[in-house]
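[1] Sequence and predicted model, in that order:
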Amino acid sequence: MKLFKKINYFAILEKSTPLIAVLLALLVGAIVIILIGENPINVYKILFSYAIGNRDGWGNVLFRATPLIFTGLAVAFAFRCGLFNIGGEGQMYIGAFFAAWVGFTFTDFPVFILIPLCILAAAAGGALWAAVPGILKAKIGVHEVIITIMMNWIAASLSFYLCLVYKAPATEAMKAAGVKQMIPHTREIAQAARLPRLYNLFKSINIDFPAYNQVNVSFFIAIGVAILAYYILWKTNLGYEIRAVGYNPLAAEYGGINVAKNIVLAMVISGAFAGLVGTNEVMGYKYRWRQEIFTGLGFNGIAVALLGKNHPLGVVLAAILFGILNYGGAIVNIYTKGRIPRELIMVLQAVIVIFVVISDEVVRRFIGKRRKMA
Amino acid sequence: MPEFALEMKNITKRFPLVLANDKVNFSVYKGEIHALVGENGAGKTTLMSILYGLYQADQGQFFINGNEVNIFNPRVAISLGIGMVHQHFMLIPPLTIAENVILGMEPKKNGIFIDIEKAVKEVEELSKKFGLKVDPRAKIENVSVGIEQRVEIIKILYRGAEILVMDEPTAVLTPQEVEELFEILKSLKNQGKTIIFITHKLNEVKAISDRITVMRKGKVVGVKNTEDTNQEEIANLMVGRKVILRIDKKPQPTGKVVLQIEKLNALNNKGLAALKNISFQIKEGEILGIAGVEGNGQTELVETITGLRRATGGKITLYNKDITNYSPRNIKEKKIAHIPEDRRQRGIISNYSVAENLILGSHYNPPYSKGLILNFTAINNHANKLIKEFDIRPPNRDNLLKSLSGGNQQKIIVAREFFGEPNLLIAAQPTRGLDVGSIEFVHRQLLNERDKGKAILLVSADLEEILSLSDRIAAIYEGKIVDILDAQKTNEKELGLLMTGSALNKKLQRIK
């Protein structure tokens, strides 16, 4: 019985490394703030009170967390199969562009067809883009990191090209002023393809919520996808196989599991998750494709997955934390009249990632030592 | 009364979860070969690690040649004349034998340059003095495992060892090499060296040692003079209950041909021919043993039959149905069970729980899956049943496999593979690294299956195991079956010759 408690204690320690990392990172952030010449307690107070102290703040946080949940899940899911998908960025571009294309092409479709169709298009675009490295890895053993990173560049260039092909015509105002598009963008998607903002939902149940807040139904899609990811990984035999391949491909092969098939499937599902970023950015926010509106979300997904320990629940929590830092950081910047730069948040995120890696390793060694002694 | 070379008194070492050594008294006479035996986890390795200064004892005293000493790190141990030959050799393959021996204690020329000539001479002297035949200028990568072990021994002699600790030294050797090692050990003993020999092979204990210390669960449970005891007594002491060492195997009629292999060819991982026209068959109720030095095609043979490796030629049939180059899943569906040689690499997923491991290979079938969805009620019931039936410890289906002992991991593989009445059982190195109790268990299971009329292919590097379990024995050498013998009519020596290829010439002569 005594043994039992001990093992649980190890398990808790193993799972709590992200928390340790976040606290240590906030400590490092405090030092940076002191060096800038501000009071860290004040700064953090502003950061957290504005981000999560009221409904508007929460809305902004969840809006920023939504795409990170998608890309974080993409990284985490592939990682469970032993794959390091750092192509979330490219998969997201293609998925989002697909969603936009369906949205501005089939403009006369009714809502209940067009919205699901756009969502499917987003997932399909990402899946398609991730299938390429998956197949190359499964069939000829090319490392997925190389291919996904190269496909990111292809996706960026391809989406830029397509954006120019489907460029929105100049508006009357632009014609009058004689200017061109500042940032290239496509035509707007149909009204029927747009995801409602949460403001509309809250209004219908009489909850006070600002209309300008951008958080939209895509957040619920992200939560749904997180639950789906959990369900696939732990409740289906597909998930059993994917995780088996991730833990020990030789044993999986021995157990009659088709390793190649599972690698492709895991990549496709991972890519679909990344592609769904399009539901937030295109269907719920800009209502069109705009070049480089969401650069970096794919890469931040890696940090989110790492901080979330590649578990769907962890990913959601980590994405929300990043959302808090992002939004709170912007507020702090305004509040201190720019003395605390927004880059502080990037420092914090980077330090969190470093500390997660370090504390994981420290805890692993600590436990390993204890186990070996036993 | 001979004097003690080493005395360890009341050694206690506690780790967070276990008492690894509990007031252990261990003493060794000068110039004796002392066997330290016990099951895995009995505390042998901890005790020796304390002796070598890798761990510190919580309590207890050390005496070397009657003087109390304090060994707080391996350097002290070495300076006190204690040397250790580890199970896994620590040699650098591209360097020569002499270079490996002097590593860290190089003789210098003019204060800076390594004096290789002197090193070679010193190695030659040691080699002559103790009967350790080696060529100091040969590179490690070009010598056999037996020679590597000699180099390890020379290495510690070079460092002035008087007490040599050998950790399971025969695990990696062929029967002939074991005999040579025993000659070396006797010669070392005759020169006054003291040897501590850690093992769990009881026949070796009997063959080489003067005295035996038996450990169980961190305690010394017996110290015996080798001549006053027998293997049964030691085994009983080790396990703490009566162990049946002798395997009673009733002869039984064989039935239909289950597995038929004809002119099978396959490549190894380097793309070279690993199997060369292998042919044999196994009938119902029969165990066919494959005897051979590791790396002569056994791995490839098992992998080719189980679908993990492509056959490049030949035919495998199961009950007259061609199954050559079926996928691993199709092979499993034909009810071929496989205990893989590399437990950790192939047999288990160490981050999966006991319950999850017990369904590997049948996870997609009812009752464990309904369509895509896993059925945890069925999975858990299955686990509970097998945990009870096979006495898997600790009896908790949610434990991750990595937290289990090797013996219990193997029990899980055996339980999983024997479940569902397979037609053919392929057992590769089924008892490697297991302790006496677990070995007995696996052997009994294999014989039970045989008596039930199953066909079994047994691959093992342990000749004793092959001889005692098999009905027929195929000796494999460089990817060819040299001969297939009746197990009743052969012996270790004949097999040893066959599997090292040296019998080939004799056989040819006989034919002439």
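    Great, that's in hand.
[2] all helices of the stretch 1-150 of chain B, in order?
    B:44-51, B:74-79, B:97-102, B:116-130, B:145-158 (DSSP state H, counting those that start in this stretch).
[3] Let me know which of these is the nearest to chain A.
    helix B:44-51 (9.1 Å; Cβ to the nearest Cβ). Glycine gets a C-beta too; all of them are placed from N, C-alpha and C.
[4] Please list the outside residues in contact with the closest one.
    B:6, B:8, B:11, B:13, B:20-21, B:24, B:26, B:36-38, B:55-57, B:62, B:71, B:77, B:82, B:84, B:165, B:167, B:196, B:198, B:215, B:218 (Cβ atoms under 8 Å, 6 or more residues apart in numbering or on different chains).
[5] Would you mind checking the residues you listed for buried ones?
    B:6, B:8, B:11, B:13, B:20-21, B:24, B:26, B:36-38, B:55, B:57, B:62, B:71, B:77, B:82, B:84, B:165, B:167, B:196, B:198, B:215, B:218 (16 or more other Cβ atoms under 10 Å in any protein chain shown).
[6] which among those are in contact with chain A?
    Among the buried ones among the contacts of helix B:44-51, proximity to chain A is found for residue B:20 (Cβ under 8 Å from any Cβ of the partner chain).
[7] tell me the most buried of the helices of the stretch 1-150 of chain B?
    Ranked by average neighbour count under the criterion mean count of other Cβ atoms under 10 Å in any protein chain shown, those are headed by helix B:97-102 at a mean of 25.
[8] To what extent is residue B:484 buried, counted in neighbours?
    Neighbours of residue B:484 under the rule other Cβ atoms under 10 Å in any protein chain shown: 15.
[9] tell me the contacts of the residue in the stretch 301-450 of chain B that chain A sits nearest to?
    Taking Cβ to the nearest Cβ, chain A has its nearest neighbour within the stretch 301-450 of chain B at residue B:329, 3.3 Å off. Contacts here follow Cβ under 8 Å, 6+ apart; on that basis residue B:329 touches A:256, A:257, A:258, B:307.
[10] Using the three-state scheme, assign it.
    Applying DSSP: H, G, I helix; E, B strand; the rest coil to residue B:329 yields a three-state assignment of helix.
[11] any idea how far it lies from residue B:380?
    24 Å (Cβ to Cβ, to the nearest Å).
[12] For the residue of chain B most remote from its centre, give me phi and psi.
    When each C-alpha in chain B is compared with the mean C-alpha position (Cα atoms, centre = their mean), residue B:110 comes out farthest, at 46.2 Å. Main-chain dihedrals, residue B:110, degrees, to the nearest 10: phi 60, psi 30.
[13] all helices in the stretch 251-374 of chain A, in order from the N-terminus.
    Counting by DSSP H, counting those that start in this stretch, the helices of the stretch 251-374 of chain A are A:259-275, A:277-278, A:297-307, A:312-335, A:343-373.
[14] who does the fourth one touch, helix- and strand-wise?
    If contacts are counted by 3 or more Cβ pairs under 8 Å, 6 or more residues apart in numbering or on different chains; DSSP states H and E, helix A:312-335 sits against helix A:17-36, helix A:40-52, helix A:55-80, helix A:218-235, helix A:297-307, helix A:343-373.
[15] Give me the angle between it and helix A:55-80.
    140 degrees (axes from the mean of the first three to the mean of the last three Cα atoms, to 10 degrees).
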